[in-house]
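S.K.: Quick check, what structure comes out for this input:
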Amino acid sequence: MQKIDSSQLPGPRRLLRAALAWTISAALLVLFGALLLSLLHAGEESLAYVSAGVSFLAALAAGLAAGKGGGSRLLTGLICGFALCVLLLTAGFLIKGGSMDASAVLSVTSFTLAGALSGAFLRRSGKKKRRHAAFVQHA
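M.R.: You can find the predicted model right below:
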């Protein structure tokens, strides 16, 4: 079994930065989504799509924020996604006060993990690659 190097794992500072990025982007996306639904006079069925979009895009922003600083992209995305899922599902359980709907748990988990992983893989590596022209015209 292969051991995981601790330098590949995101530290608490990066996870806090990811949580802050998630909070700010989720607040802005909820406002934008509510404005969009209001202007389009959309029905209740459109709310599910906007909610899924907000969940994915906010987690994407968190994954981007957590991905800054190097390390394994897969581990960073998974840890960020699972940490956000735990926080969101705990908050949902405390607010709801009882059992939660299974489809809501699945939706939160899938969109949050997918967004965090996508964000972690979208980050650019620190190295700039030099591009060479396929051909060079000589004067």
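S.K.: From residue 53, how far off is residue 29?
M.R.: Counting by CB to CB, to the nearest Å, the separation of residue 29 from residue 53 is 8 Å. Bear in mind the C-beta positions are built from the backbone N, C-alpha and C, glycine included.
S.K.: Give me the buried positions along stretch 108-124.
M.R.: By neighbour count on 16 or more other CB atoms under 10 Å, the buried set for stretch 108-124 is 108-109, 111-120, 123.
S.K.: neighbour-wise, which of residue 29 and residue 53 wins?
M.R.: For the pair residue 29 and residue 53, the greater number of neighbours falls to residue 29 (19 against 16), based on other CB atoms under 10 Å.
S.K.: Including pLDDT and secondary structure, could the buried residues of stretch 108-124 go into a markdown table?
M.R.: Output for those, formatted as a markdown table (pLDDT from 0 to 100; DSSP: H, G, I helix; E, B strand; the rest coil):
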| residue | pLDDT | secondary structure |
| --- | --- | --- |
| 108 | 90 | helix |
| 109 | 94 | helix |
| 111 | 95 | helix |
| 112 | 94 | helix |
| 113 | 95 | helix |
| 114 | 95 | helix |
| 115 | 95 | helix |
| 116 | 93 | helix |
| 117 | 92 | helix |
| 118 | 93 | helix |
| 119 | 91 | helix |
| 120 | 88 | helix |
| 123 | 63 | coil |
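S.K.: want to throw those residues into JSON lines with distance to residue 94?
M.R.: Supplementary listing: those in JSON lines, determined by distance: CB to CB, whole Å:
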{"residue": "108", "distance to residue 94": "14"}
{"residue": "109", "distance to residue 94": "17"}
{"residue": "111", "distance to residue 94": "20"}
{"residue": "112", "distance to residue 94": "17"}
{"residue": "113", "distance to residue 94": "21"}
{"residue": "114", "distance to residue 94": "24"}
{"residue": "115", "distance to residue 94": "22"}
{"residue": "116", "distance to residue 94": "22"}
{"residue": "117", "distance to residue 94": "26"}
{"residue": "118", "distance to residue 94": "28"}
{"residue": "119", "distance to residue 94": "26"}
{"residue": "120", "distance to residue 94": "28"}
{"residue": "123", "distance to residue 94": "32"}
